[in-house]
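# next input, structure requested:
(one chain, ligands or ions: 1)
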Amino acid sequence: MIIETENAASTTTRQGAQYGVSAEAIQYHYDIGNEFLALAQEGGRNYSCAMYQDGDTHEQAQIRKLDYHIDQIRARGAERVLDIGCGWGALVNRLAIEADVDKVVGLTLSKEQLKFIGDTYQHPGIDVHLQNWQDYQPEEPFDGIISLGAFEHFAKIDEDKVEAYRHYFKKCHEFLKPGGRMSLQTMGYGDVPRDRQHSDLFIAREVFPESDLPYLADIVRASEMLFEVELVRNDRKDYVKTMRSWFENLRANREEALKLAPLDVVTRYERMYRTMSYSFDLGAFTLYRITFRRIEQTRIGDGYHAG
Ligand SMILES: C[S@@+](CC[C@H](N)C(=O)[O-])C[C@H]1O[C@@H](n2cnc3c(N)ncnc32)[C@H](O)[C@@H]1O
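Below you'll find the model as predicted:
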């Protein structure tokens, strides 16, 4: 079921959302045209880093990534799973079909993604809302949460990042059943000194307005006393391959791309994929896959200060 929540897609009427990207900024990047971005993506329309093993095609590596996160939160056969920032629906579909989850809920701020999912996946166990996670109030808690490639949008460049991320972790704590797990995949800053992180504003200005990358320390700080960190992986080399794959696909389809978007837009996307692959290769950018487990108040006792 596709649910367009009232006011969700407008910044001026942003309901309770306090932090991070506006719906307009998301639409600037993702609603450039389903057909245009599809030229870079593989068939499943995944738009976050794949997980490669030797010999994998990009498509296989994308499926491996989905299954990795499904297994990290023990989603197989679960009742309810939430996908925060569900993109074009590859994960919600896999959760419902392959992992046998009874109810899968996806959240996105992109109207085109919502439409694509509605047109592509008709499974009764899938609900997708055009809604900011900050405004979302589930009817029942979830067994697990997965969020892939969306956390980069949850704090603006000039916001107090730890505060913004803490808001996210508090909401996820509320969304989960006791002991529930969350698997988070996000780009991060690597060997970039904190006072130099904004020296190249190409990405913040032109590609992902109102977004910025987290430092690992800030993510972990923000999750303190709410979540236990079970596992952290830095798979930045996977993003070198993923970015190259998107770049090569777009290049191979350049003629088609130019029919769908003006030259400066095509060039901007090519430049983004190429520049970012170098940044991941050098270690300036990282790719974190972090497994969290909800901490219960009973385990923390009187010292619980989640505020
Ligand atoms: C890079 S895409 C990743 C999509 C998908 N997870 C994937 O791996 O293909 C980022 C997604 O996060 C969503 N998003 C960003 N900020 C959001 C917010 N505050 N609430 C809900 N969705 C958000 C966007 O609408 C988009 O679907």
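# output the below-cut-off pLDDT ranges for this protein.
4-16, 26-32, 197-210, 298-307 (pLDDT under 70).
# let's see 80
Scanning the chain for pLDDT under 80 picks out 1-18, 21-34, 158, 195-211, 297-307.
# strands of that one, residue ranges please.
2-4, 80-84, 103-108, 126-130, 142-148, 176-189, 227-234, 285-294 (DSSP state E).
# can you check which of those gets nearest to Tyr47?
Closest to Tyr47 of those is strand 142-148 (Cβ to Cβ; 8.6 Å). For the C-beta atoms, the positions are set from N, CA and C on the backbone; glycine is no exception.
# sorry, back to before: distance to the ligand and mean neighbour count added to the strands of the chain, as a markdown table?
As requested, the strands of the chain are exported to a markdown table (distance: least, Cβ to the nearest ligand atom, whole Å; neighbours: other Cβ atoms under 10 Å):
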| stretch | distance to the ligand | mean neighbour count |
| --- | --- | --- |
| strand 2-4 | 13 | 15 |
| strand 80-84 | 6 | 26 |
| strand 103-108 | 4 | 26 |
| strand 126-130 | 8 | 21 |
| strand 142-148 | 4 | 25 |
| strand 176-189 | 8 | 21 |
| strand 227-234 | 16 | 15 |
| strand 285-294 | 12 | 22 |
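# next, format those strands as JSON lines and append distance to Ser279.
Formatted as JSON lines, the strands of the chain follow (distance: least, Cβ to Cβ, whole Å):
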{"stretch": "strand 2-4", "distance to Ser279": "35"}
{"stretch": "strand 80-84", "distance to Ser279": "25"}
{"stretch": "strand 103-108", "distance to Ser279": "26"}
{"stretch": "strand 126-130", "distance to Ser279": "31"}
{"stretch": "strand 142-148", "distance to Ser279": "19"}
{"stretch": "strand 176-189", "distance to Ser279": "9"}
{"stretch": "strand 227-234", "distance to Ser279": "14"}
{"stretch": "strand 285-294", "distance to Ser279": "4"}
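# can you give me the neighbour number for the nearest residue to Gly33 once chain neighbours are set aside?
Once flanking residues are discounted, Gly33 sits nearest to Leu260: 5.5 Å by Cβ to Cβ, 6 or more residues apart in numbering. By other Cβ atoms under 10 Å, 17 other residues sit near Leu260.
# distance of Leu260 relative to the ligand?
19 Å (Cβ to the nearest ligand atom, to the nearest Å).
# could you do Pro214 as well?
13 Å.
# so that residue sits against Gln185, correct?
No. Pro214 lies out of contact with Gln185 (Cβ atoms under 8 Å); the separation is 11.9 Å.
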